[in-house]
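Peer 1: Show me how the following folds:
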Amino acid sequence: MLHLRSTRKLCSVLREATSFSHIDPFEPACLTIISLSDVLASSAGTCTSVTHNRSRPEGSLPVLGGALQQLSGSSVQYGHPTHQILFTRLLSSGHGTGESFAGSMQPPENQSAGQPSLLEKLLPKYMLPYAQLMRLQNSIGTWLLAWPCFWSIALAAPAGALPDLKLLALFGTGALLLRGAGCTVNDLWDRDLDAKVERTKGRPLAAGTITPFRAVGFLGAQLLLGLGILVQLNTYSIFLGASSLALVFTYPLFKRFTYWPQAFLGLTFNWGALLGWAAVQGSCDWAVVLPLYASGVCWTLVYDTIYAHQDKKDDVIAGVKSTALLFADHTKPWLSAFAASQIALLAVTGHMTDAGLPYYASLAAASGHLAWQILSVQLNSREDCMAKFISNKWFGAILFSGIVADKLLQ
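Peer 2: Residues are numbered from 1 along each chain as shown. This is a model prediction of the structure:
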């Protein structure tokens, strides 16, 4: 009876594992990668072979979760050896923890108990690793990239007018694509480090669900789509936008060499503060866009330092540097200084654009939001750090609404 139950359980595990068969457009069709033969052959009606049309990169760990290893070991104990078990694809990023392939499509901070994500419901399975690579499951990065663009477009709008809706749509789409491209570049550079960090070890390149070669191809596709948006802008903006690619491709490297990678991320993420104004006006008014850009860099130092506190223990082990490790117990005073600098620079921006009461009222409200974040954040709680990080989309929305209202009332 023990032998029969063990066999049935083994078959159930294999059926579940092979339910994720799909064809990957970035990966050619592969031969059988799981072959199980002569497994407990004396049991009538049990499975004797399973095939699955997937592959894994050469040299990857031959694991199908801890349960299968345990079961195959028990078959030997009861005198029925498993003659051949070949695995060439890691079907679970849990590395023996029992985590499902579907669960690995959600970042650890967003996983729910057995519940499929929205992406899993909407997308074919072969697209899920690529959606995860560009972080489609988390919209906050797109918002943080888009808000400086939107602020700049709204500030450059004529008095009494709404910001250009076409430009808002183009920049919003561009933020989605460029953020995805940036995440792909980041994961290509950091796949060795991501595998050492609990929160990031399930990312497609770190887990081996996408090869670096196919990730580079996917990156090219994203950049090509982004170029299609950029060429719809004026010539000045095209060259200005293209010049940001140097930052996009290099900023992930700085965490290996300096404790200030958040500053370089700020330079990258807030480029839209320059580009948005140029797209409306045809060139940059540096007296306006430089303080706006600098304020965005200070903002990034606030929210990304909070974000980095999630990984500080793993970062020490992996040798990754961050402002969270640099500031340590003095993080909140540093965050307060950055926040004060940001608000002061936004006030300068308002002065240079002859902003009125609605602008400064929204700036005061946004200041209160920043103060709440810094005072209440629990830097040793991953959940609270993530919640405060995500809340920054509302900071951007508050300021944008004030800029728009001020322009309409001028």
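
Peer 1: What's the per-residue pLDDT of the residue most central in space within the chain here?
Peer 2: Centroid-nearest residue in the chain, with CA atoms, centre = their mean: Arg135, separated by 4.0 Å. Looking at Arg135, its pLDDT stands at 90.

Peer 1: Low-confidence regions, the stretch 51-200 of the chain specifically.
Peer 2: Along the stretch 51-200 of the chain, segments meeting pLDDT under 70 span 51-116.

Peer 1: what are the ranges of the helices in it?
Peer 2: With DSSP state H, counting those that start in this stretch applied, the stretch 51-200 of the chain shows helices at 65-77, 101-104, 118-122, 128-133, 140-155, 165-194, listed in chain order.

Peer 1: ok, back up a step: wait, what's in contact with the closest residue to the residue nearest to the centre of the chain other than its chain neighbours?
Peer 2: Of all residues not flanking Arg135 in the chain, Cys183 sits nearest, at 4.9 Å (CB to CB, 6 or more residues apart in numbering). In this view, the C-beta of every residue, glycine as well, is placed from N, C-alpha and C. By CB atoms under 8 Å, 6 or more residues apart in numbering, the residues touching Cys183 are Leu133, Met134, Arg135, Gly141.

Peer 1: Report the buried members of those residues.
Peer 2: Using 16 or more other CB atoms under 10 Å as the burial test, the contacts of Cys183 include Leu133, Met134, Arg135, Gly141 as buried.

Peer 1: so the residue nearest to the centre of the chain makes contact with Leu145?
Peer 2: No - taking contacts as CB atoms under 8 Å, Arg135 lies outside contact range of Leu145: 11.1 Å.

Peer 1: list the residues that contact both of these two?
Peer 2: Arg179.

Peer 1: Now find how far off-centre stretch 218-235 is within its chain.
Peer 2: 20 Å (CA atoms, centre = their mean, to the nearest Å).

Peer 1: wait, stretch 329-344
Peer 2: 25 Å.

Peer 1: What lies in contact with that stretch?
Peer 2: So stretch 329-344 is contacted by 294-296, 298-299, 301-302, 305-306, 309, 323-324, 327, 363, 366-367, 370-371, 374-375, 377, 379 (CB under 8 Å, 6+ apart).

Peer 1: Quick one: the strands in the chain, in order.
Peer 2: Assigned by DSSP state E, the chain shows strands spanning 34-37, 84-87.

Peer 1: tell me, how many neighbours does Asp384 end up with?
Peer 2: By the measure other CB atoms under 10 Å, the count of residues near Asp384 is 16.

Peer 1: In contact with it, which residues?
Peer 2: Val377, Gln378.

Peer 1: Kindly recompute the last result at 6 Å.
Peer 2: Gln378 (CB atoms under 6 Å, 6 or more residues apart in numbering).

Peer 1: Looking at the contacts of Cys183, spot the one nearest Asp190.
Peer 2: Leu133 (12.3 Å; CB to CB).

Peer 1: distance of that closest one from Ser117?
Peer 2: Leu133 is 15 Å from Ser117, where distance means CB to CB, to the nearest Å.

Peer 1: now do Met134
Peer 2: 14 Å.

Peer 1: domains of this protein?
Peer 2: As assigned by automatic domain parsing, the chain contains the domains 2-99, 132-409.

Peer 1: so which of the ones you listed is the most packed in?
Peer 2: Comparing these by mean neighbour count (mean count of other CB atoms under 10 Å), domain 132-409 ranks first with a mean of 19.

Peer 1: Centre of the chain to that domain, how far?
Peer 2: 12 Å.

Peer 1: Determine how far the last residue of it lies from the first.
Peer 2: 42 Å (CA to CA, to the nearest Å).

Peer 1: How about stretch 349-366?
Peer 2: End to end - CA to CA - stretch 349-366 spans 15 Å.

Peer 1: what is the mean pLDDT for it?
Peer 2: 97.

Peer 1: quick revisit: quick one: closest of the helices of the stretch 51-200 of the chain to Glu383.
Peer 2: Among the helices of the stretch 51-200 of the chain, helix 140-155 sits nearest to Glu383 (CB to CB), with 14.7 Å.

Peer 1: That closest one packs against which elements?
Peer 2: helix 165-194, helix 272-281, helix 392-409 (3 or more CB pairs under 6 Å, 6 or more residues apart in numbering; DSSP states H and E).
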